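**Q** Structure for this input, please:
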Amino acid sequence: MVRALVLCAAVLLPSALPVSAQSDLPSRTTIQAGYGTVTMGDVQWQRFSFRPDIPIGKFGVGLDLELFIDSNGRISKESWDFSSESKTWDTLLRKIYYVRYGERSDRFHASAGALDNVTLGYGMIMDGYRNTLNYPADKKLGLEFAMRDIGTFGLGVEGVVNSFGDLRHDGAVVGARVSARPLKPFGAPLLDRLAFGVTAVRDINQFAGLKDSDDDGYPDFQDGFPGDSDLWLDTDRDGIADYSDIGGVRTFIDPDADGDGLTDSWWSDGVNRGFDTDVRHAELLDIRNDKSGVTVYGFDAGIPLVEGALRLDLYGQYARFATGDGAGDGGWGVGAPGLQMLISRFRGRLEYRHFEGRFRPGYFNNLYENERVFLVGNTVVTKETSLPDQVLDGVYGLAAYDLYDYFTAEATFQNMTGDKTFQDLTGRLRLNEKLLVHIPKLSLLEGYYYNTYVDRGNYGLLDITANTLYGTRVGIQLAPSFTVVWDTRYTFTPNGRGGFERHRFVGIETLLAVR
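**A** Down below sits the predicted model:
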């Protein structure tokens, strides 16, 4: 079992309003330090981390400094490797947790680094995406920004890049949304707030989600030498490479590359010469060249019917898939009509939905980094190829409540019926300061549960599936301004035998708030 130190900012479910979001960024300088163990390859390392979070007015910087030490006291080059351009780039990226300006509720904000709960529009395409799902084992430097209600027509522009590291290899998830209020200049009551938006998100290469430790383009699961960028192919798995590529020159190494007992024709000892000319080398997936992309695009419209202490919005949204090579062979979905209500500390949402073809709402969600591409045995499966072709009708609902800073609770439910019935259930409960002050030493307590696209013919809503994620965060205050946080998270992947492999991430952090 892999035990990793995980530093995870509080993840709040996204606001349903396109123009609002929630933030858990620090308002004062904090210094976090942590210790834990992590397995890299077959070696277990002790991981020490130090992370200062420094707000400077509307700006904020979070750094992430770490050391890995094995049982013999050796320090790993992981995250401190400057031996090549790509490794230097990766080393520098791993030092930044975030750099931001403003907050998501501002008219302009931008954040680079760790991304949590990124939603575009009403969420039919990207809903609660995060690039921190596998942090710290997999650190990604992403970008999100938004400009809202600009100029005569209330123009809005939003964008997201999940990982600049992936972008270097043409494999990033990139998305954009443009919105406007075309009737704003006329000042007509109600109609001047009618807003239209267009959204598109593309995963340029889903295979980029496969781990490639040595950055040679061949994923670790098939790379015979995952720590050497000059070697990868070992057809007979005897530990001797078929050949090497150094400086673009291919040099054959293994006298019997395909393990058939016949010496390959290239080999000679000066007296005897190999005669096997029918050498069958294994065919490997090349992430750089064997690309598989998927695009989801669509539009939405919304208008407030009632404004004031009670706000009631009417909206609709549409999205369509262009799967595989982008030929437009995917399905489509509609969420309309939709009603959203905000009253005091309650937020509710109810939406009718209709899907046709190979389609799934909120495709780029909080589990996307795991769903993007995965292995079933030794077979590579992308989320896109796993989409069933079907017609579904149903409803989606959301309810959230904040009880005067005592606690916050939020839950969503979706029920879609066709030839089969699929359901989603998500929930989060967090105890807040006014309640925790009555519990000695307890400064943080929250739990969350996600189970999406559950086939009710085979699973219950509380059964484990590949789309299950749950966890808890518990903070104990040992002294003023000094807190220890236990962060535990569980995810699941198919094991190739009809079941699921559980992945448990545990982090133990110390938090020092500097006034």
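**Q** Could you list the low-confidence segments of the protein?
**A** Along the chain, segments meeting pLDDT under 70 span 1-44, 77-79, 84-86, 136-137, 168-169, 247-248, 324-329, 377, 481, 509-515.
**Q** all helices of it, in order?
**A** 85-93, 164-167, 368-371, 433-436 (DSSP state H).
**Q** Compare these and give me the one nearest Trp232.
**A** Of all the helices of the chain, helix 85-93 sits nearest to Trp232, with 15.5 Å by Cβ to Cβ. All C-beta spots, glycine's among them, are computed from the backbone N, C-alpha and C.
**Q** Report the buried residues of the closest one.
**A** Neighbour counts over helix 85-93 (16 or more other Cβ atoms under 10 Å) mark 87, 89-91, 93 as buried.
**Q** Output the helices of the chain in a markdown table, with distance to Asp192 appended to each entry.
**A** Formatted as a markdown table, these follow (distance: least, Cβ to Cβ, whole Å):
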| stretch | distance to Asp192 |
| --- | --- |
| helix 85-93 | 44 |
| helix 164-167 | 39 |
| helix 368-371 | 36 |
| helix 433-436 | 39 |
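**Q** Which residue ranges of the stretch 401-515 of the chain form strands?
**A** 407-417, 421-431, 442-455, 468-479, 482-494, 500-513 (DSSP state E, counting those that start in this stretch).
**Q** what's the closest of the ones you listed to Leu461?
**A** Ranked by Cβ to Cβ, the member of those that lies closest to Leu461 is strand 421-431, at 4.7 Å.
**Q** Can you get me a residue count around the nearest residue to Val294 once chain neighbours are set aside?
**A** Nearest non-adjacent residue to Val294, counting by Cβ to Cβ, 6 or more residues apart in numbering: Glu384, 4.4 Å away. Using other Cβ atoms under 10 Å, the number of residues around Glu384 comes to 23.
**Q** try Leu312
**A** Neighbours of Leu312 (other Cβ under 10 Å): 15.
**Q** Quick check: beta-bridge partners of it?
**A** Beta-bridge pairing for Leu312 (DSSP bridges): Val306, Met341.
**Q** same deal with the one 10 residues further on?
**A** Beta-bridge partners for Ala322, by DSSP bridges, are Thr295.
**Q** Let me know whether it touches Gly298 as I believe.
**A** No: counting by Cβ atoms under 8 Å, Ala322 does not reach Gly298; the two are 11.0 Å apart.
**Q** out of these two, which sits in the busier spot?
**A** Shown here are Ala322 and Gly298; by other Cβ under 10 Å, Gly298 has more neighbours (24 against 17).
**Q** how near is the more buried one to Phe321?
**A** From Gly298 across to Phe321, the span is 10 Å (Cβ to Cβ, to the nearest Å).
**Q** who's in contact with the residue nearest to Val294?
**A** Neighbouring residues of Glu384 by Cβ atoms under 8 Å, 6 or more residues apart in numbering: 206, 292, 294, 321, 323-324, 330, 358.
**Q** 10 Å - rerun?
**A** Each residue near Glu384 by Cβ atoms under 10 Å, 6 or more residues apart in numbering is listed here: 203, 206, 292-296, 321, 323-324, 330, 358, 360, 363, 371-373.
**Q** sorry, back to before: got any residues that touch both of Ala322 and Gly298?
**A** The contact sets of Ala322 and Gly298 overlap at Ala200 (Cβ under 10 Å, 6+ apart).
**Q** of all the helices of the chain, which lies closest to Tyr101?
**A** helix 164-167 (17.5 Å).
**Q** so what's Val484 bridging to?
**A** On the basis of DSSP bridges, Val484 takes part in beta bridges with Ile476, Thr510.
**Q** How about Gly159?
**A** When bridges are called by DSSP bridges, Gly159 pairs up with Phe145, Ala176.
**Q** Could you give the number of residues near it?
**A** 16.
**Q** Number the chain from 50, please
**A** Noted, 50 is the first residue going forward, which turns the last one into Gly208.
**Q** Now the residue nearest to Val343: phi and psi?
**A** For Glu433, the backbone dihedrals are phi -60, psi -40 (criterion: degrees, to the nearest 10).
**Q** Can you give me the neighbour number for Lys260?
**A** Counted with other Cβ under 10 Å, the neighbours of Lys260 add up to 12.
**Q** so what's it up against?
**A** So Lys260 contacts 183, 186-187, 268-270, 272, 275 (Cβ under 10 Å, 6+ apart).
**Q** Okay, and which of these map to strands?
**A** Judged by DSSP state E, the subset of the contacts of Lys260 located in strands is empty.
**Q** which pair in those residues spans the largest distance?
**A** Farthest pair in those, by Cβ to Cβ: Asn183 and Asp272, 19.1 Å.
**Q** Which one's more surrounded, those two?
**A** The neighbour count for Asn183 versus Asp272, taken as other Cβ under 10 Å, is higher for Asp272 (23 against 18).
**Q** That one and Asp263 touch, don't they?
**A** Yes: in this structure, Asp272 is within contact of Asp263 by Cβ atoms under 10 Å, at 7.2 Å.
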